[in-house]
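Asks: Below are the sequence and a predicted model for it; my questions follow.
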Amino acid sequence: MARIEYADFDDDEKEDFEQVCHQAGFDPAQFTIYADREDFPLRRGQYRIDRTVIVVKDGVRVDLDGRKWVADFADKIAVFR
């Protein structure tokens, strides 16, 4: 399993996350964000990549599906209040 730091996320993902934070009245810097990525071999030369994005604030941790993590974060942002 590989850890991916927020700084290495795509710029579009970071912009979308920051927009969700601002709309909800949060400073994006209040959150610790990283991803765990795991590659699963399927057939010769083919892999399935699973990515879980972890968002933490004040001891509250939420694990999100890496394919749609920003939308999931927007739906669950109330847990950080």
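Replies: Now that the structure is in, tell me what you want to look at. Numbering: from 1, shown residues only.
Asks: And the strands in the chain?
Replies: Using DSSP state E, the strands of the chain run over 2-5, 32-41, 47-57, 60-65.
Asks: Now mean pLDDT, mean neighbour count and distance to residue 26 too, for those strands, in JSON lines please.
Replies: Any C-beta I mention is one placed from the backbone N, CA and C, and that applies to glycine too. Listed next are the strands of the chain as JSON lines, based on pLDDT from 0 to 100; neighbours: other C-beta atoms under 10 Å; distance: least, C-beta to C-beta, whole Å:
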{"stretch": "strand 2-5", "mean pLDDT": "94", "mean neighbour count": "11", "distance to residue 26": "20"}
{"stretch": "strand 32-41", "mean pLDDT": "90", "mean neighbour count": "14", "distance to residue 26": "12"}
{"stretch": "strand 47-57", "mean pLDDT": "90", "mean neighbour count": "16", "distance to residue 26": "8"}
{"stretch": "strand 60-65", "mean pLDDT": "98", "mean neighbour count": "14", "distance to residue 26": "12"}
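Asks: Would you format those strands as a markdown table with distance to residue 17 included?
Replies: Shown next, in a markdown table, are those (distance: least, C-beta to C-beta, whole Å):
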| stretch | distance to residue 17 |
| --- | --- |
| strand 2-5 | 14 |
| strand 32-41 | 7 |
| strand 47-57 | 9 |
| strand 60-65 | 10 |
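Asks: Which among the ones you listed is found nearest to residue 14?
Replies: In terms of C-beta to C-beta, the element of those nearest to residue 14 is strand 32-41, at 8.9 Å.
Asks: Sheet-wise, list the partners of the closest one with their directions.
Replies: Sheet pairing of strand 32-41 (DSSP bridges) gives strand 2-5 (antiparallel), strand 47-57 (antiparallel).
Asks: Alright, calling it a day.
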